[in-house]
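> Please work out how this folds:
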Amino acid sequence: MLNVNLITVGKLKESYLREACAEYVKRLGAFCRPNIVELPESRLPERPSEKEIAAALSSEGKNMLAYLNGKDCFNIAMCIEGKQLSSEKLAEKIGQISVDGKSTLNIVIGSSCGIAEEIKSMCGFRLSMSEMTFPHQLARVMVLEQIYRGFQILNGGKYHK
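Alright, predicted model coming up:
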């Protein structure tokens, strides 16, 4: 069974988002071993400089390293410059990860400032949800829902229509 780690920066503050995540984690348990890793977010001033943002991303990236270095891992970075996929294509990618003998899928969601370039370079794929802008905290729910939908597609479930 595939381990699926959603590696995130920051904690969800809103209870309705935490509840939605918990629901998808529960549903995913039938298909994989889901795990949400919440890493600390770097504190930035109201109007951070480029240098302050780069330092924050580097610090957050160092916390991610422990999860991304395994030889049996496939890492996906959620980033604006990533490729957009249909739900069916994402399902194919998840299926291919297992076929390729990987035991762990890591999906990285950075802070509202993004993900350090060094972390992105460790990822075998860069994924974008949309050209639209969404609240950062909503991304976690959306990614979990798409992973669940992907497993449903792979297993011939009725969830995806």
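
> Tell me who's in contact with Cys113.
Contacts for Cys113 (CB atoms under 8 Å, 6 or more residues apart in numbering) come out as Leu44, Pro48, Ile53, Ala56, Leu57. C-beta: built from backbone N, CA, C; applies to glycine.

> can you do 7 Å?
Listed by CB atoms under 7 Å, 6 or more residues apart in numbering, the contact set of Cys113 reads Ile53, Ala56, Leu57.

> Closest one of these to Val37?
Distance ranking of those against Val37, using CB to CB, places Leu57 first at 17.1 Å.

> Tally up the residues packed near the closest one, please.
Counted by other CB atoms under 10 Å, the residues lying close to Leu57 total 21.

> which non-adjacent residue is nearest it?
Of all residues not flanking Leu57 in the chain, Ala116 sits nearest, at 4.1 Å (CB to CB, 6 or more residues apart in numbering).

> Distance check, that neighbour against Lys83.
According to CB to CB, to the nearest Å, Ala116 and Lys83 sit 19 Å apart.

> One more: Ser59?
27 Å.

> of those two, who's got more company?
Relative neighbour count places Ser59 above the other of Ser59 and Lys83, with 15 against 11, counting by other CB under 10 Å.

> residues in contact with the more buried one?
Ser42.

> name the element the most centrally placed residue in the chain belongs to?
The residue lying closest to the centre of the chain (CA atoms, centre = their mean) is Ile107, at 3.2 Å. Under the criterion of DSSP states H and E, Ile107 resides in strand 104-109.
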